[in-house]
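Student: A structural model of the following input is requested.
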Amino acid sequence: MAGTLEELFELDEHGTDVRTEVLAGVTTFLTMSYIVVVNPFILTAFPDDDIPGGIAIDGFGPGEVVQMLAVVTILASVVAMLVMAFYANRPFGLAPGLGLNAFFAITVVGILGVPWETALAAIVVEGVVFILLTVVGAREYVIRLFPEPVKFAVGTGIGLFLAIIGLQAMGVVVNDAATLISLGNVASDPVAILSVLGLFFTLVLYAAGVRGSIVIGIGVTTLVGWGLTLAGFFEQGTLTPGSIPSAQYNIAPLAGAFVEGFANVEAFSFALIVFTFFFVDFFDTAGTLVGVGQAGGFLDEDGNFPDIDKPLMADAVGTTVGGMLGTSTVTTFVESATGVEEGGRTGLTALVVAGLFLASLVVVPLAAAIPQYASHIALVVVAVLLMRNVVDIDWEDFSHAVPAGLTIMVMPFTYSIAYGIAAGIISYPLVKTAKGEFDDVLLGQWALAAAFVVYFVVRTGGVLQGAV
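Tutor: Below you'll find the model as predicted:
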């Protein structure tokens, strides 16, 4: 069996082995398994929501819809990762993306009042467009237009993005009305205390060269949390999930609902919604692949990702299938960096993640038993590791420092990989021209910058609201 896997995924050529790939797959699964629970809760319409929006199905309560969406989330993720494993042979995990699901539920369905079936139809259209553009190589061409400083800055930007996500889940960083974010009550919050101890335990293991240190750190932290709960020190819901959801396998009300969404579509507003989904997903995926690819040594000497069209196809197929089944846009997860840091280099890692996602259909309670603060310890560890990518940037050249710096800063502050890339791409031709190096800027890079300006006008200028 091991010999077959080595040949199928070319493990020797990539300097890895079955054990390493399996360990990397388990690591990636543990850090992104939260999406099985989080995505359904974001997409489901709850009566008490401040902003009504999301998916509500006649005859089914919110709890039942959540369970349906959990199954759909798993199935869409598995399809995408099978394409990633066998077609692209890359170690990346895919699932419905955070941010994109919130835009789907809150902005499109809630604020704009678009029926959720129509929003799903937009997802399917976006996915089909992605497939076509990937087949002809257009997505790879656009990504190759990324300025060199932006490519080298993406990894560090993703690191900071991961850090703020992880630290918030751990209770170390909290919301603050005056400063937006602040230090939490670390010494009095049991979640923050256990998170910090788990983080330093994991860092010590990693520094000592212990293989699987991230998995061990997550597992030990989870077990301690459950142990303290079962011993009666804390109520369930403090250091453990408040409840363990059971799987709901009847997805008939969701699957195929997108077809109904094409009825009575207003062309202009529908096109703008598709455009917004398309733009964010395109550059979120591109940024993740380049950033994680840099950490895994997949980029060539020019900062390009060879054969990037293959992993992009996995994203496109996953998005299309996901929309057909009933979930928002599927994208490559930045959490894939955790598996890459554990040594994952081939599609076998993605196959392991897909297998664990599929297994969670049967043991959803086990996957959901991992508290978010424990799984997000991995994000902070990887964030520290991704900081090293900053040394590849030519900081002495101001035309490199500006786009690189903006890319790194904007990602965590706007909670978006795509926005960080946009800031870098828009600034690059402007600074280059100001330095008298206009000839170094490609026509396509000017076009890409202009497209991002148009996107920001559509996304933040109220164009969508005025069109609906």
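
Student: for the stretch 51-200 of the chain, give me the ranges with low pLDDT.
Tutor: The stretch 51-200 of the chain contains residues with pLDDT under 70 at 51-52.

Student: now do the strands in the stretch 301-450 of the chain.
Tutor: Using DSSP state E, counting those that start in this stretch, the strands of the stretch 301-450 of the chain run over 330-332.

Student: where does it have low pLDDT?
Tutor: 363-368.

Student: for it, what spans make up the helices?
Tutor: 309-325, 336-341, 347-359, 364-368, 372-375, 377-386, 398-414, 417-434, 443-460 (DSSP state H, counting those that start in this stretch).

Student: what's the most buried one of those helices?
Tutor: Mean neighbours per residue, mean count of other Cβ atoms under 10 Å, is largest over the helices of the stretch 301-450 of the chain for helix 336-341, with a mean of 30. C-beta: built from backbone N, CA, C; applies to glycine.

Student: how about Ser182, secondary structure?
Tutor: Three-state call for Ser182 (DSSP: H, G, I helix; E, B strand; the rest coil): strand.

Student: pick out the residue closest to the middle of this protein.
Tutor: Phe333 (3.3 Å; Cα atoms, centre = their mean).

Student: show me what contacts that residue?
Tutor: Thr28, Met32, Ile35, Phe92, Gly93, Leu94, Ala95, Gly97, Thr288 (Cβ atoms under 8 Å, 6 or more residues apart in numbering).

Student: look at the fourth one and give its secondary structure.
Tutor: Taken by three-state DSSP, the conformation at Phe92 corresponds to coil.

Student: what are the buried residues along the longest helix that the chain contains?
Tutor: When the chain is parsed with DSSP state H, its longest helix is helix 267-295. By 16 or more other Cβ atoms under 10 Å, the buried positions in helix 267-295 come out as 269-270, 272-295.

Student: cool, stretch 123-141 as well?
Tutor: Quick answer for stretch 123-141 (16+ other Cβ under 10 Å): Ile123, Val124, Val125, Glu126, Gly127, Val129, Phe130, Ile131, Leu133, Thr134, Arg139, Glu140.

Student: among those residues, which are in helices?
Tutor: Reading helices off the buried residues of stretch 123-141 with DSSP H, I get Ile123, Val124, Val125, Glu126, Gly127, Val129, Phe130, Ile131, Leu133, Thr134, Arg139, Glu140.

Student: looking at the residues you listed, spot the one nearest Thr329.
Tutor: Nearest to Thr329, judged by Cβ to Cβ, of these is Ile123 at 5.7 Å.

Student: from Pro96, how far off is the nearest residue to that closest one once chain neighbours are set aside?
Tutor: Of all residues not flanking Ile123 in the chain, Gly323 sits nearest, at 3.3 Å (Cβ to Cβ, 6 or more residues apart in numbering). Going from Gly323 to Pro96 by Cβ to Cβ, to the nearest Å gives 10 Å.

Student: any residues in contact with both of the two?
Tutor: In contact with both Gly323 and Pro96: Thr329, using Cβ under 8 Å, 6+ apart.

Student: adding distance to Tyr455, write the contacts of Phe333 out as TSV.
Tutor: Formatted as TSV, those follow (distance: Cβ to Cβ, whole Å):
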residue	distance to Tyr455
Thr28	30
Met32	27
Ile35	25
Phe92	25
Gly93	26
Leu94	23
Ala95	24
Gly97	17
Thr288	18
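
Student: from these, which is closest to Ala76?
Tutor: Ala95 (7.5 Å).

Student: which SS class is that closest one?
Tutor: Here Ala95 is strand, with the state taken from three-state DSSP.

Student: pretty sure it is in contact with Leu75, am I right?
Tutor: No: look at Ala95 against Leu75 with Cβ atoms under 8 Å: they stay out of range, at 10.7 Å.

Student: ends of stretch 429-443, what's the gap?
Tutor: End-to-end distance for stretch 429-443, by Cα to Cα, to the nearest Å: 10 Å.

Student: how far does stretch 214-232 sit from the chain's center?
Tutor: Remark: stretch 214-232 is offset 25 Å from the chain centroid, using Cα atoms, centre = their mean, to the nearest Å.

Student: got it, and stretch 289-306?
Tutor: Distance, centroid of stretch 289-306 to centroid of chain: 18 Å (Cα atoms, centre = their mean).

Student: and what of stretch 146-157?
Tutor: 17 Å.

Student: contact partners of that stretch?
Tutor: Counting by Cβ under 8 Å, 6+ apart, 286-287, 290-292, 294-295, 299, 302-304, 386-387, 389-390, 392-394, 399-401, 403-405, 407-412, 417, 420-421, 424-425, 428, 445 sit against stretch 146-157.

Student: and what of stretch 45-64?
Tutor: Counting by Cβ under 8 Å, 6+ apart, 42-44, 65, 68-69, 105-111, 116, 248, 253-254, 326 sit against stretch 45-64.

Student: and it, what's buried?
Tutor: Ala45, Phe46, Pro52, Gly53, Gly54, Ile55, Ala56, Ile57, Phe60, Pro62.

Student: of these, which belong to helices?
Tutor: Using DSSP H, the buried residues of stretch 45-64 in helices are Pro62.

Student: distance to Ile164 for the buried residues of stretch 45-64 - can I get that in a markdown table?
Tutor: Output for the buried residues of stretch 45-64, formatted as a markdown table (distance: Cβ to Cβ, whole Å):
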| residue | distance to Ile164 |
| --- | --- |
| Ala45 | 28 |
| Phe46 | 26 |
| Pro52 | 28 |
| Gly53 | 25 |
| Gly54 | 25 |
| Ile55 | 28 |
| Ala56 | 31 |
| Ile57 | 34 |
| Phe60 | 35 |
| Pro62 | 29 |
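
Student: ok, back up a step: more crowded one of Ala95 and Leu75?
Tutor: Shown here are Ala95 and Leu75; by other Cβ atoms under 10 Å, Ala95 has more neighbours (30 against 20).

Student: from Phe438, how far out is that one?
Tutor: Look at Ala95 and Phe438: by Cβ to Cβ, they are 42 Å apart.

Student: with Leu379 instead?
Tutor: 40 Å.

Student: now Gln67
Tutor: Noted for Gln67: a distance of 57 Å to Phe438, by Cβ to Cβ.

Student: surely Leu289 meets Thr331?
Tutor: No: look at Leu289 against Thr331 with Cβ under 8 Å: they stay out of range, at 10.0 Å.

Student: got the contact list for stretch 404-411?
Tutor: 149-150, 152-154, 156-158, 160-161, 390, 393, 395, 416-417, 419-424, 427.

Student: one more time with 6 Å, if that's ok
Tutor: Outside of stretch 404-411, the residues within contact range by Cβ atoms under 6 Å, 6 or more residues apart in numbering are 149-150, 153, 156-157, 161, 393, 417, 419-420, 423-424, 427.

Student: with distance to Ala263 as new columns, can these be given to me in CSV?
Tutor: CSV is the format used below for the contacts of stretch 404-411 (distance: Cβ to Cβ, whole Å):
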residue, distance to Ala263
Pro149, 47
Val150, 41
Ala153, 44
Thr156, 46
Gly157, 41
Phe161, 38
Ile393, 50
Ile417, 34
Tyr419, 34
Gly420, 38
Ala423, 39
Gly424, 41
Ser427, 43
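
Student: return the member of these nearest to Leu8.
Tutor: Using Cβ to Cβ, Ile417 comes nearest to Leu8 of the contacts of stretch 404-411, at 31.2 Å.
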